[in-house]
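Trainee: The following comprises the amino acid sequence and a computationally predicted model.
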Amino acid sequence: MDRLIEDTAERIFADHVDKGVLDRAESGEFPNALWDVVRESGLHLVGSAQSGTEPVDLYGVLRIAGRHAVPLPLAEVLVANSLLDEAGFITIAADGVAPWARVADGVLTVDGEFSRRFETEPDTNLAGESRDRVVLVDAERVGLPDDLRERLALSRVALMAGCLERILAMAIDFATEREQFGRPISRFQAVQHNLAVLAGETAAARCACDGAVANVDSSGFVHHVAAAKARVGEAAGVAAEIVHQVHGAMGFTHEHSLHHFTRRLWAWRDEFGREGRWQETLGRRIAAGGADALWDFVVDPSPHISPSRLWS
């Protein structure tokens, strides 16, 4: 990822996303000030041809966004703008649901329809993020890549990887500062074990994400996404449990910011296929090739099925 883009994204999100912004967004208030800063910086164009950036930069921005639980539909905006050569607030609808459609300039569906006229019904996901129901009016057909859903699944992988990095840091900080029986709880063996497991799950998620991003343009992209979404989804479940155990009762309160991250992990884990669906995709591919072809598939997971068939 380009260092300048990384530093810019980190600075903007660190300066403009706090618990107050997250609470208000979950109450239905769109973070206009944050969006204005993102737009002025040009971050909403990362990954598009006009920006001169690469897909690795797009998913890198999303990983940083996940680290801060950014309450914007950056995944949809970045993917849509890169596909349509747009520079506005375009969200993407899957199965009739789109993040922040109520304030978007346009809506693109995963089935290849686009419109700037649409009707919306506000709704949210498990994390309180906007997931509005949307019906397009006077939609036009646009050409989209066959692997659009895989790209969106990878966006959730990147968001979760960043979120896992954040809750690991939160757990370490809390365990270092919180004292019981006259010493930090990080000195207790059980807590150390949990932190080690959490660190391992976070590292595995980051590696899985990096591997899929590195293969965006490869023939085996669909299977790299399948492996990444499955592995990071598993990590999300383990990590959320551990981080709440480390924080104890305090981590379950609304006043603490931890829930903004763990609820997003649970929500993003469900979107664009849980790990079971992606494990089945890999299993079908391996079974079709037979035992003798397993190692060749591990070395070069070239697809033998169209990505679009995975969602039929």
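Mentor: Thanks, I have it.
Trainee: all contacts plus neighbour counts: C-alpha atoms, from now on.
Mentor: OK.
Trainee: how about the strands of the stretch 151-300 of the chain, start to end?
Mentor: Assigned by DSSP state E, counting those that start in this stretch, the stretch 151-300 of the chain shows strands spanning 179-180, 183-184.
Trainee: Now render those as CSV, adding mean neighbour count and mean pLDDT.
Mentor: As requested, these are arranged in CSV below (neighbours: other C-alpha atoms under 10 Å; pLDDT from 0 to 100):
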stretch, mean neighbour count, mean pLDDT
strand 179-180, 12, 85
strand 183-184, 13, 92
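Trainee: JSON lines please, covering these and showing distance to residue 251.
Mentor: JSON lines is the format used below for the strands of the stretch 151-300 of the chain (distance: least, C-alpha to C-alpha, whole Å):
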{"stretch": "strand 179-180", "distance to residue 251": "15"}
{"stretch": "strand 183-184", "distance to residue 251": "17"}
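Trainee: could you pull out the helices for the stretch 51-200 of the chain?
Mentor: For the stretch 51-200 of the chain, the helices defined by DSSP state H, counting those that start in this stretch cover 55-68, 74-84, 148-177, 189-214.
Trainee: so which of those is the most packed in?
Mentor: helix 55-68 (a mean of 25; mean count of other C-alpha atoms under 10 Å).
Trainee: pLDDT value on residue 307, please?
Mentor: On pLDDT, residue 307 comes in at 44.
Trainee: before we move on, what about the one 5 residues further on?
Mentor: Confidence per residue is given as pLDDT, and for residue 312 that number is 35.
Trainee: With mean pLDDT and distance to residue 45 as added columns, please give the helices of the stretch 51-200 of the chain in a markdown table.
Mentor: Below are those laid out as a markdown table (pLDDT from 0 to 100; distance: least, C-alpha to C-alpha, whole Å):
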| stretch | mean pLDDT | distance to residue 45 |
| --- | --- | --- |
| helix 55-68 | 97 | 9 |
| helix 74-84 | 95 | 6 |
| helix 148-177 | 97 | 15 |
| helix 189-214 | 97 | 18 |
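Trainee: re the thing from before, out of the strands of the stretch 151-300 of the chain, flag the one nearest residue 300.
Mentor: strand 183-184 (47.3 Å; C-alpha to C-alpha).
Trainee: Pairing partners for the closest one, with directions?
Mentor: strand 179-180 (antiparallel) (DSSP bridges).
Trainee: And for residue 104, the neighbour number?
Mentor: Residues lying near residue 104 (other C-alpha atoms under 10 Å) number 19.
Trainee: so what's residue 51 closest to, chain neighbours aside?
Mentor: residue 45 (6.0 Å; C-alpha to C-alpha, 6 or more residues apart in numbering).
Trainee: which residues touch that neighbour?
Mentor: When contacts are counted by C-alpha atoms under 8 Å, 6 or more residues apart in numbering, residue 45 is found next to 51, 78, 81-82, 87.
Trainee: ok, those vs residue 172, which is closest?
Mentor: residue 78 (32.0 Å).
Trainee: Now the closest one: closest residue in space, sequence neighbours ignored.
Mentor: residue 44 (5.8 Å).
Trainee: Where does the prediction get shaky in the stretch 201-312 of the chain?
Mentor: For the stretch 201-312 of the chain, applying pLDDT under 70 flags the ranges 302-312.
Trainee: Residue 140 contacts residue 109, doesn't it?
Mentor: No. Under the criterion of C-alpha atoms under 8 Å, residue 140 is not in contact with residue 109, lying 10.5 Å apart.
Trainee: Those two: which has the busier surroundings?
Mentor: residue 109 (23 against 12).
Trainee: Let me see the domain layout of the chain.
Mentor: Taking automatic domain parsing as the domain assignment, the ranges for the chain are 3-141, 148-299.
Trainee: picking up where we left off before, got the contact list for the residue nearest to residue 78?
Mentor: Residue 44 touches 38, 74, 77-78, 81, 87-88, counting by C-alpha under 8 Å, 6+ apart.
Trainee: pretty sure it belongs to a helix, no?
Mentor: Yes. Counting by DSSP: H, G, I helix; E, B strand; the rest coil, residue 44 is part of a helix.
Trainee: what's the closest residue to residue 86 other than its chain neighbours in contact with, if anything?
Mentor: In space, and not counting its chain neighbours, residue 86 is closest to residue 80: 7.5 Å by C-alpha to C-alpha, 6+ apart. Residue 80 makes contacts with 86, 90-92, 108, as judged by C-alpha under 8 Å, 6+ apart.
Trainee: now the residues you listed in TSV, with pLDDT?
Mentor: Output for the contacts of residue 80, formatted as TSV (pLDDT from 0 to 100):
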residue	pLDDT
86	83
90	97
91	98
92	98
108	98
